[in-house]
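Visitor: Below are the sequence and a predicted model for it; my questions follow.
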Amino acid sequence: MGFAFGHVGKALEYAFDMFWEVLWPLGLGFLLSAVVETLVSKQAISRLLGRDAPRSVALATAFGAASSSCSYAAVAVARTLFRKGATLANAIIFEFASTNLVFELGLVLLILLGWQFLGAELLGGLLMVVLLGVLLRLTLTPRLVAAAHAQADRGRLGRMEGHGAMDMSISGGPFLRRLLSDRGFTAISHYFFMGIYSIWTDLVIGFLAAGALAAWVPDSAWSTLFLSGHGAATEVWGAFIGPLVAVLSFVCSVGNVPLAAVLWSGGISFGGVIAFIFADLIILPILNIYRKYYGTAVSGYLFLVSFVTMATAGLIIGTLFNALHAVPSNRNITVFQSHPTWNYDTFLNIAVLLLVALFGVRFLRTGGVAMLRAMEHPPAEGEVAGTAHDHHHHG
């Protein structure tokens, strides 16, 4: 036990160092997401995603990339879009983009792992959208879609359900005037805290798990698990095992970047890290939500299609980056060697904490807490959260 306790301190220290390193990119990411969500309405989005055409797929990708980064929220929003008229394929593509191409994730990857990983993640995210579009077109049968619709319309609750129903976007008037208006400030503060609320548990688990694994698991154990140094076999195995590690890690979206850093320093292939980061949509809690939303058959189908897409994308990106000699040779994650000091990171973190305080005051004064309660318990069918005067247009 002495071993464990001696290492708990180390694990917590690693966890905090990682958190401190990515605090400002996280804050900036949440801010950008909140601004976009304030300006783009979900009602408008679902109307545009009703056809399986390349343009709709491109829009599903763009809207996903611009939305909140929590996998649970993404899955809830996707079902809302599906029920409001988006096709199932477009709803799933929206979900993939929403967890793999968002601001927060890109910024945190850049800071923790470097530009190569950010590039691979963006390229891989787009590649996944294409692969997924093709796979869904080839394998998604009308029977599965009908089953998904029947189950989705029963409206069983998953997590972050209200997030799917909530629309506080502000329309009408010029972009900047909407943004800087009183209502704009309130909506941004609400979306900002909604983003943090929906993901804070995953972030905490992600940082703590990464700290623990970094402190407790010796490198030799990792290199055995990841077949380090076996050339092509290492690449293929990495892309296959990356998503499997993710399924069991229970951590969604940005929360799995700290874990990715540990896997990388442990010797997993480059493509394996990318496949692992992509796999936050097949973690066990989300598969369970798929089952509630769309039924067992569709949930199994989504798992298989997702897994194949993630592993393939990871493998292709890994091969491509190896061919271009763009894979970083250094596996030392700087955060495991450095501690917070008075540098630009710290000043940016202080600025973000002040911003959080400013939004926090606004949030508390404008009924934010009640709104967060509504996130877990969505409004009844008749009401629409956030906007009383929302007119339903069915195009």
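Guide: Looks like it came in fine.

Visitor: Go through the helix or strand encompassing residue 130 and flag the buried ones.
Guide: Using DSSP states H and E, the element containing residue 130 is helix 115-139. Of all the residues in helix 115-139, those buried under the rule 16 or more other CB atoms under 10 Å are 116-129, 131-133, 135-136. Glycine gets a C-beta too; all of them are placed from N, C-alpha and C.

Visitor: by contact count, what packs against the helix or strand that that helix is followed by?
Guide: Using DSSP H and E, the helix or strand that follows helix 115-139 towards the C-terminus is helix 142-152. Under the contact criterion of 3 or more CB pairs under 8 Å, 6 or more residues apart in numbering; DSSP states H and E, helix 142-152 touches helix 71-83, helix 88-100, helix 284-294, helix 296-323.

Visitor: Export these as TSV, with columns for mean neighbour count.
Guide: TSV is the format used below for these (neighbours: other CB atoms under 10 Å):
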stretch	mean neighbour count
helix 71-83	27
helix 88-100	27
helix 284-294	20
helix 296-323	20
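
Visitor: Reformat the ones you listed as CSV; add mean pLDDT and distance to residue 364.
Guide: Listed next are those as CSV, based on pLDDT from 0 to 100; distance: least, CB to CB, whole Å:
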stretch, mean pLDDT, distance to residue 364
helix 71-83, 84, 21
helix 88-100, 89, 28
helix 284-294, 88, 29
helix 296-323, 94, 38
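
Visitor: which one of the ones you listed lies closest to residue 51?
Guide: helix 88-100 (8.0 Å; CB to CB).

Visitor: mind exporting the next helix or strand after that closest one as PDB, just the C-alpha atoms?
Guide: Downstream of helix 88-100, the next assigned helix or strand under DSSP H and E is helix 103-113. In PDB, the C-alpha atoms belonging to helix 103-113 read as follows (Å, rounded to 0.1, in the frame of the first residue of the first chain):
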ATOM      1  CA  PHE A 103     -12.600  23.900 -31.000                       C
ATOM      2  CA  GLU A 104     -11.900  22.700 -27.500                       C
ATOM      3  CA  LEU A 105     -10.500  19.300 -28.700                       C
ATOM      4  CA  GLY A 106      -8.300  20.900 -31.300                       C
ATOM      5  CA  LEU A 107      -6.800  23.500 -29.000                       C
ATOM      6  CA  VAL A 108      -6.200  21.000 -26.200                       C
ATOM      7  CA  LEU A 109      -4.500  18.500 -28.600                       C
ATOM      8  CA  LEU A 110      -2.300  21.300 -29.900                       C
ATOM      9  CA  ILE A 111      -1.100  22.300 -26.500                       C
ATOM     10  CA  LEU A 112      -0.700  18.800 -25.000                       C
ATOM     11  CA  LEU A 113       0.600  16.800 -28.000                       C
END
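
Visitor: since we're on the residue nearest to residue 171 when sequence neighbours are not counted, how many residues are nearby?
Guide: Counting by CB to CB, 6 or more residues apart in numbering, residue 171 lies nearest to residue 41, which is 6.2 Å off, once chain neighbours are set aside. Per other CB atoms under 10 Å, the neighbour tally for residue 41 reads 17.

Visitor: Next one: residue 41 relative to residue 178, how far apart?
Guide: 12 Å (CB to CB, to the nearest Å).

Visitor: can you list residues touching both of these two?
Guide: residue 171 (CB atoms under 8 Å, 6 or more residues apart in numbering).

Visitor: Is it possible to get TSV of the helices and strands packed on helix 142-152 that adds distance to residue 183?
Guide: Formatted as TSV, those follow (distance: least, CB to CB, whole Å):
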stretch	distance to residue 183
helix 71-83	22
helix 88-100	25
helix 284-294	32
helix 296-323	37
